[in-house]
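A.B. asks: could you work out the structure for the sequence below:
(2 chains)
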Amino acid sequence: MKKKVNKTTGRGASGLTRRHFISSLFSLSLVGLARPLLEVDEVYVEAYRSEYLFVNGWIIRNDDYEKIKDV
Amino acid sequence: MFSDLELLESDPFKGNYYDVCIFGSGPAGMSLALNLPKKLRVLLIEGGDTEYSDESQNLYHGKNIGHDYFDLSITRLRFLGGSSNHWGGLCRPLDEVDFKSKSYENLSGWPINKKDLDVYLNKTKSILDIPDEVDLGMPDWLSQIQDSGEFKEVTFWHSEPTRFAEKYRGEIESSKNIDCYINANLTDLRLDDSGRVLNIANIKTYSNKEYEIRAKSFVLAAGGLENPRILLNCNSQNEKGLGNDRDLVGRYFCEHPHFFVGDFVLEDSVRDSVRVEMQERNEWRHFRFLAPTEKEMLSRNMLNFGIRFQPRFIESKDSNKNFKDKMREIICKTGWSKEFVEWVTDRNIVCASDGNSDGTLMVAAEQSLNYSSRVRLSNDVDAFGLKRIDLDWQLTDADKNTLKQAALTVGEVLAKTKVGRVKPRQWLMSPDSEFPGLDTEQIGGHHHMCTTRMSDLPEYGVVDKNLKVHGIDNLYIAGSSSFGSTGHVNPTFTIVQLSLRLAEHLGGLMLK
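C.D. replies: Residues are numbered from 1 along each chain as shown, chains lettered A, B, ... in the order given. Take a look at the predicted model:
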């Protein structure tokens, strides 16, 4: 089942833009984020297999998501 | 000997009795003719001329009544050399797993195995002018993926490509045992009184001159759509047609479903590595493909496939792209207003990727054998009064599963190895979504297979393991129509291997 975990189009408390948040899903670090990967207004997380999630349709490992979801 | 039947005044077949008569001069027919023992008298019959003609090509017109498919009159060629005249040259032998039975795939498995064809590997490479393999090396990111265990890299061989008429016509002309006639159209095959032996083939030229051919053995090598059309049209003695007592001729039509299945992004270092590699060797023959390991394939109940990373950040030099493809690429890449172009052209413009990714994943998959996917005769007739075909290509949930699992497996492996990330296409993830068509996510193919499929049991196939039609003692079918199943690789290499095996079999039968 889809779960909407956030909704913002501006800067959050951390000072990161939405696209930086999503970019961090892929780079798993906040270094070298000049390349915007996704620009979204909403983040959807959907269960997939035990070790993986869909985040806005992208396949992400659970533990990777845990590392960055609170950014 | 090489001759144009249209230009002859006397009947060249009168009093002649050939050992083997072959219909069709494409890769299947020509490889067979040239590799039969020289002691055998061989007749090679081609319906077209030495060059393309509308008159001949018109005989290939037909209707698509199933899933979206290419115009049947352009997806193959009807003149000397057959479809080798527009072959792209990409090829590779089938994998060992392709010949095996799988519990989740009805009728899977061939009555022969990979070793039975491997003995013709080097000869086939020589026939198809396969150059020495290029060592692409193994970049770190690919090693990481392979080490993960789900995938192996597969290398496609690339012929220049071989145009059979251009390369082999001289050899046929100077041959002492092969007679080749062009503009000779097969209109009927007739059995003797036993009902088990073919003894006469009827031939017509475009000016309606008629001939009869007699031979010990006959071989159809006219292609995956035309072989069943011929058998079904040969109904002067049996209304079901030849070899069709069990209503299997034309059934199990398979293609290699080619679809875009997802978008990908790569980690920056991988992206740079791919960019450098592809700038150095930006030729499609050097594109890297991944295929599932046998263990992974069986664990996910999927069929075989090859998957390719198609980067957006590298300009393709693919000269086969047509104007429409190029316009689509420019519109999608530069961000031209899709809506404006769609309004002007009154067409949907569908971008291969979502605009935020590094590229798309393209899959060419094995198709599941499906009784309802078929070639059948229509009510339209051609210039010789023979019925044309309706192609009812049907894809199933099993095919969707293979494509979906391909995207998911690559997505998991890229996430696990931290090489990148994958977003599978929405139509794959929605159970109710239909397969997209040629205007959107579907590409490629032109591979017509399994319409006279090989099986040891006449209940499940039209030909046996030696390509002989069940129930007829001297009729054989060469080419991809006789594949037991399709694997994921382009079929030409296997077509030639099967013809070399048939040449050895017929030689052994006739010279013993």
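A.B. asks: flag the shaky bits of chain A, pLDDT-wise.
C.D. replies: A:1-43, A:67-71 (pLDDT under 70).
A.B. asks: of all of it, which residue lies closest to chain B?
C.D. replies: Nearest to chain B, among the residues of chain A, is A:I59, at 3.4 Å (Cβ to the nearest Cβ). For glycine as for every other residue, the C-beta is placed from the backbone atoms N, C-alpha and C.
A.B. asks: verify the stated contact: that residue with A:Y48.
C.D. replies: Yes. Shown here, A:I59 and A:Y48 form a contact pair, counting by Cβ atoms under 8 Å, at 6.9 Å.
A.B. asks: re earlier: the residue of chain A closest to chain B: helix or strand, and which one exactly?
C.D. replies: Using DSSP states H and E, A:I59 sits within strand A:58-61.
A.B. asks: list the neighbouring strands of that strand plus their orientation.
C.D. replies: Applying DSSP bridges, strand A:58-61 is found paired with strand A:52-55 (antiparallel).
A.B. asks: CA atoms of the strand it pairs with as CSV?
C.D. replies: Output in CSV follows, covering the C-alpha atoms of strand A:52-55 (Å, rounded to 0.1, in the frame of the first residue of the first chain):
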residue,chain,number,x,y,z
TYR,A,52,13.4,-3.3,-0.9
LEU,A,53,11.0,-0.4,-1.2
PHE,A,54,9.7,1.7,-4.0
VAL,A,55,10.2,5.4,-3.4
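A.B. asks: who touches it?
C.D. replies: With Cβ atoms under 8 Å, 6 or more residues apart in numbering or on different chains as the contact definition, strand A:52-55 has outside contacts at A:22, A:25, A:43-48, A:59-62, A:65, B:411-412, B:415.
A.B. asks: check contacts around the residue of chain A closest to chain B.
C.D. replies: A:48, A:52-53, B:408, B:411-412, B:414-415, B:421-424.
A.B. asks: repeat that with 10 Å
C.D. replies: A:48-49, A:52-53, B:262, B:407-416, B:421-424 (Cβ atoms under 10 Å, 6 or more residues apart in numbering or on different chains).
A.B. asks: out of the residues you listed, list just those in strands.
C.D. replies: A:52-53, B:262, B:421-424 (DSSP state E).
A.B. asks: what about the closest residue to B:G359 other than its chain neighbours, distance to chain A?
C.D. replies: Among residues not flanking B:G359 along the chain, B:P311 sits closest, at 4.1 Å (Cβ to Cβ, 6 or more residues apart in numbering or on different chains). From B:P311 across to chain A, the span is 14 Å (Cβ to the nearest Cβ, to the nearest Å).
A.B. asks: on that earlier part again, may I ask which two of the contacts of strand A:52-55 are separated the most?
C.D. replies: A:V43 and B:E412 (20.4 Å; Cβ to Cβ).
A.B. asks: just the closest of the ones in strands among the contacts of A:I59 to B:M1, please.
C.D. replies: B:G262 (54.5 Å).
A.B. asks: does that closest one really touch A:W58, like I thought?
C.D. replies: Yes. If you go by Cβ atoms under 10 Å, B:G262 and A:W58 touch, sitting 9.5 Å apart.
A.B. asks: low-confidence ranges, chain B, go.
C.D. replies: In chain B (pLDDT under 70), the answer is B:279-287, B:313-356.
A.B. asks: residue of it closest to chain A, please.
C.D. replies: B:G411 (3.4 Å).
A.B. asks: so who does that residue touch?
C.D. replies: A:48, A:52, A:54, A:57-60, B:261-262, B:264, B:361, B:420-424.
A.B. asks: measure B:F309 to B:F260 for me?
C.D. replies: Per Cβ to Cβ, to the nearest Å, B:F309 is found 12 Å from B:F260.
A.B. asks: and these two? Which one has more around it.
C.D. replies: Remark: of B:F309 and B:F260, B:F260 carries more neighbours, 25 against 22, as counted by other Cβ atoms under 10 Å in any protein chain shown.
A.B. asks: helix, strand or coil: sort out the more buried one for me.
C.D. replies: Of the three states, B:F260 takes strand under DSSP: H, G, I helix; E, B strand; the rest coil.
A.B. asks: which residues touch it?
C.D. replies: B:310, B:350-353, B:359-363, B:403, B:407, B:425, B:427-428, B:436, B:440-443.
A.B. asks: try B:G15
C.D. replies: B:R214.
A.B. asks: show me which of the ones in strands among the contacts of A:I59 is closest to B:L43.
C.D. replies: For these, the nearest to B:L43 is B:G262 (50.6 Å; Cβ to Cβ).
A.B. asks: what does chain B put close to chain A?
C.D. replies: Within chain B, the residues that sit near chain A (Cβ under 10 Å from any Cβ of the partner chain) are B:262-269, B:271, B:354-358, B:407-416, B:418, B:420-426, B:429.
A.B. asks: tell me the buried residues in the helix or strand in which B:G508 is found?
C.D. replies: B:G508 belongs to helix B:492-511 when assigned by DSSP H and E. Judged by neighbour count using 16 or more other Cβ atoms under 10 Å in any protein chain shown, the buried positions of helix B:492-511 are B:492-504, B:506-507.
A.B. asks: how distant is that helix from the center of its chain?
C.D. replies: Offset of helix B:492-511 from its chain centre (Cα atoms, centre = their mean, to the nearest Å): 18 Å.
A.B. asks: so what's the residue count around residue 49?
C.D. replies: Let's take chain A. A:R49 has 10 neighbouring residues, counting by other Cβ under 10 Å.
A.B. asks: actually it's chain B I care about, not the one you picked
C.D. replies: The burial count for B:D49: 17, using other Cβ under 10 Å.
A.B. asks: nearest to B:N304 among the contacts of B:G411?
C.D. replies: Distances from B:N304 to the contacts of B:G411, taken as Cβ to Cβ, are shortest for B:V261 (14.7 Å).
A.B. asks: what's near enough to touch that closest one?
C.D. replies: Contacts of B:V261 by Cβ under 10 Å, 6+ apart are B:305, B:307, B:360-363, B:365, B:402-408, B:410-411, B:422, B:424-425, B:427-428, B:441.
A.B. asks: and if we set it to 8 Å?
C.D. replies: For B:V261, the contact set (Cβ under 8 Å, 6+ apart) comprises B:307, B:361-363, B:403-404, B:406-407, B:424-425, B:428.
A.B. asks: B:G262 and A:W58: which is more packed in?
C.D. replies: In terms of neighbours (other Cβ under 10 Å), B:G262 is the more surrounded of B:G262 and A:W58; the figures are 32 against 24.
A.B. asks: you'd agree the more buried one is up against B:R425?
C.D. replies: Yes. With contact defined as Cβ under 8 Å, B:G262 reaches B:R425; the gap is 5.5 Å.
A.B. asks: overlap in contacts, the two.
C.D. replies: B:A407.
A.B. asks: how far does stretch B:427-440 stretch from start to finish?
C.D. replies: 12 Å (Cα to Cα, to the nearest Å).
A.B. asks: ignore what I typed, I meant stretch B:9-19.
C.D. replies: In stretch B:9-19, first residue to last residue: 24 Å (Cα to Cα).
A.B. asks: chain center to that stretch, what's the gap?
C.D. replies: 34 Å.
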